[in-house]
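Enquirer: Please work out how this folds:
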Amino acid sequence: MKKLVVFGFDGTLADTAPGILYCFNTTAVAMGYEPVEHSALYGVIGAPLEYGFKTLFNMSDDEIEYAVKNYSKLYSQKGKEYRRQRQMRIRDSLTKSHLLLQACEQTGVSVEESILVGDSTIEAKGAEEIGMDFLAVLYGWGFKTKEETEEYKCVGTVSSPAEISQKVMAL
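Expert: As a prediction, the model looks like this:
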């Protein structure tokens, strides 16, 4: 039985897209880029902001550095309005695998006794890098089908939040 269950936040536990889209688009439009649609966020939410700006707007490295600073400032001012609680400092400076190892260290639970529940390739890769089990959810911002998870070492997939506890308890 798993002693530690770590959840991805964006898409897995909460729909944080409105605040994220607002901050991405407001930053990009101020820099002369066209805004993106809600659907463009698939595969970007949960990744480092640098990846998001490169993927969504094809910004140069210099522009990305400026955009990340402005996004973070905007988010700190407007983020509460969109009910998205997250420390951007941690998201930007540590990889998913580092965050997972930190969670294990802080709780005193080994990687083998832990599992990450998430919806993205970034989360799947982070768990795989350190040998942590990964349960893929198919309802968030990342994976939509079981086939999309097959290249990762997933212990299973779930289609709704209600299925998570049953699946985790069976491990």
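
Enquirer: Got phi/psi on residue 134?
Expert: Torsion angles at residue 134 (phi, psi; degrees, to the nearest 10) stand at phi -130, psi 130.

Enquirer: Please give me every residue in contact with residue 77.
Expert: Applying Cβ atoms under 8 Å, 6 or more residues apart in numbering to residue 77 gives no contacts. C-betas here are computed from N, CA, C, even on glycine.

Enquirer: Surely residue 32 forms part of a helix?
Expert: No - counting by DSSP: H, G, I helix; E, B strand; the rest coil, residue 32 is located in no helix; its state is coil.

Enquirer: State the pLDDT value of it.
Expert: pLDDT for residue 32: 97.

Enquirer: Spell out, range by range, the helices that occur in the chain.
Expert: 17-30, 49-57, 61-78, 88-93, 96-107, 121-130, 164-169 (DSSP state H).

Enquirer: The fifth one - contacts with which helices or strands?
Expert: In terms of contacts (3 or more Cβ pairs under 8 Å, 6 or more residues apart in numbering; DSSP states H and E), helix 96-107 is packed against strand 4-7, strand 114-118, helix 121-130.

Enquirer: Centroid-nearest residue for this protein?
Expert: residue 46 (2.2 Å; Cα atoms, centre = their mean).

Enquirer: before we move on, back to that, deepest of the helices of the chain, which one?
Expert: A comparison of the helices of the chain by mean neighbour count, using mean count of other Cβ atoms under 10 Å, puts helix 121-130 on top with a mean of 21.

Enquirer: Make a markdown table out of the helices of the chain and add distance to residue 6.
Expert: Below are those laid out as a markdown table (distance: least, Cβ to Cβ, whole Å):
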| stretch | distance to residue 6 |
| --- | --- |
| helix 17-30 | 21 |
| helix 49-57 | 21 |
| helix 61-78 | 23 |
| helix 88-93 | 14 |
| helix 96-107 | 5 |
| helix 121-130 | 9 |
| helix 164-169 | 11 |
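
Enquirer: hmm, back to that, so which of the helices and strands packed on helix 96-107 is nearest residue 101?
Expert: Of all the helices and strands packed on helix 96-107, helix 121-130 sits nearest to residue 101, with 5.9 Å by Cβ to Cβ.

Enquirer: Many thanks, have a good one.
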